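J.: starting from these lines, generate the structure:
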Amino acid sequence: MATRDENAAWSIVGYLLSGLIFWGAVGWGLDKWLGTAFLLLTGLLVGAASGIYLVWLRFGRE
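T.: Sure thing, here's the model as predicted:
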């Protein structure tokens, strides 16, 4: 049982970090390409929200 809970915890961390890294990189790239300064923050917020949503879809409805 402990292994299952530990795997779930690492999956949650993975979902949250991957959302932040992916969408943060997209925002950073768009900032560099378009010459803006707000899309990195927007990308990080979208990444955090999408990570939380994926965690809720995967683990919150059980």
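
J.: determine which residue lies closest to the centroid of the chain.
T.: Centroid-nearest residue in the chain: residue 19, 2.0 Å away (criterion: C-alpha atoms, centre = their mean).

J.: wait, doesn't that one sit right on residue 48?
T.: Yes: between residue 19 and residue 48 there is a contact under C-beta atoms under 8 Å: 6.4 Å. Where C-beta positions appear, they are placed from N, C-alpha and C, glycine not excepted.

J.: picking up where we left off before, quick one: residues contacting the residue nearest to the centre of the chain.
T.: Counting by C-beta atoms under 8 Å, 6 or more residues apart in numbering, residue 19 touches 47, 48, 49, 50, 51, 52, 54.

J.: same question for residue 9.
T.: For residue 9, the contact set (C-beta under 8 Å, 6+ apart) is empty.

J.: distance of it relative to residue 57?
T.: To residue 57, residue 9 is 17 Å away according to C-beta to C-beta, to the nearest Å.

J.: can you pull the pLDDT of residue 61?
T.: Here, the pLDDT recorded for residue 61 equals 72.

J.: mind checking how far it is from residue 53?
T.: With distances taken as C-beta to C-beta, residue 61 is found 12 Å from residue 53.

J.: these two - which one has more neighbours?
T.: residue 53 (13 against 6; other C-beta atoms under 10 Å).

J.: where's the more buried one, which helix or strand?
T.: helix 39-55 (DSSP states H and E).

J.: report the buried residues of the helix or strand where residue 3 lies.
T.: For residue 3, the enclosing helix or strand under DSSP H and E is helix 2-34. Neighbour-count burial for helix 2-34, with 16 or more other C-beta atoms under 10 Å as criterion, is recorded at 12, 15, 16, 19, 20, 23, 24, 26, 27, 30, 31.
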